[in-house]
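requesting a structural model of the entry that follows:
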Amino acid sequence: MEINAPLARLLLRYLISHPSCLSWVLLQHHVIRHISLAINVSKCRLCLFAGHDHQYIADLLKVSVRQVGYAIHAERVTLKERTCRPRQLTNDQIDELVTHVGHSRASRQRSFAGLAEGPFSHWNVGEYVIRNALRSRRYVRRIARAKAPLSDANRQIRLAWAEEHVNRTQEE
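Reported below is the predicted structural model:
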């Protein structure tokens, strides 16, 4: 479909007054800044097609002239998917791992290597994969502080002090 300049101006006015109309283009993106980026790229291209210069577009969209130039010459409207090394564990496997780790104190205290070689040895993954899977679910490991256990005499003294001060007010 060929778009002429008056139609482009009409589309541009509509896009500026209704910025949500392009959100259907970006259903796969869940981050708001990606949606606004794609809307600005589309607006820049429509403004350029309507015959406006870079400075006018920058003033209209409240962005820099450099951003307008980049938006017009970008090969994609949306940001590229991040290409990275594929994960070795599926979400179901990570869920199983989290369930196992949270099941008992002994399983929580087991090392990453112990988890990789023990109950999850059939997955054929190493300790770093197990560690990163748990970190992706916000599990952290730390060394517990050593604290001496309370003696019976000290426990009785603390209990007596607490019973004395139960009904105290702020002024006392």
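
show me how this structure divides into domains.
Annotated domains of the chain cover 5-73, 91-136 [automatic domain parsing].

pLDDT of the first one, averaged?
Okay, so that is domain 5-73. Confidence over domain 5-73, taken as the mean pLDDT, stands at 67.

likewise for stretch 135-142?
Throughout stretch 135-142, pLDDT has a mean value of 85.

and the contacts of that stretch?
For stretch 135-142, the external contacting residues (Cβ atoms under 8 Å, 6 or more residues apart in numbering) are 94, 98, 101. Every C-beta, even on glycine, is put in place using the N, C-alpha and C of the backbone.

let's see 6 Å
For stretch 135-142, the external contacting residues (Cβ atoms under 6 Å, 6 or more residues apart in numbering) are residue 98.

now the end-to-end length of that stretch.
Length of stretch 135-142, first residue to last, Cα to Cα, to the nearest Å: 12 Å.

quick one: distance of that stretch to the chain centre.
Centroid displacement of stretch 135-142 relative to its chain, using Cα atoms, centre = their mean, to the nearest Å, is 15 Å.

assign a three-state SS to residue 139, would you?
Three-state call for residue 139 (DSSP: H, G, I helix; E, B strand; the rest coil): coil.

that one: neighbouring residues, count only.
Close neighbours of residue 139, defined as other Cβ atoms under 10 Å, add up to 14.

use 529 as the first number from now on
Yes, from this point I'll number from 529; that puts the last item at residue 667.

just the element for the residue of the chain most remote from its centre, please.
Distance from the C-alpha centroid of the chain peaks at residue 681, with 50.7 Å (Cα atoms, centre = their mean). Using DSSP states H and E, residue 681 falls within helix 680-692.

from the rest of the structure, what touches that helix?
Outside helix 680-692, not one residue touches it by Cβ under 6 Å, 6+ apart.

for the record, mean pLDDT for that helix?
Averaging pLDDT along helix 680-692 yields 91.

starting at the chain centroid, how far to it?
Computed by Cα atoms, centre = their mean, the chain-centroid distance of helix 680-692 equals 47 Å.

what segments of this structure are helices?
Assigned by DSSP state H, the helices in the chain fall at 533-545, 560-577, 582-589, 593-601, 619-631, 633-636, 640-645, 655-664, 680-692.

any idea which of those helices is most buried?
Of all those, helix 560-577 carries the top mean neighbour count, a mean of 19, counting by mean count of other Cβ atoms under 10 Å.
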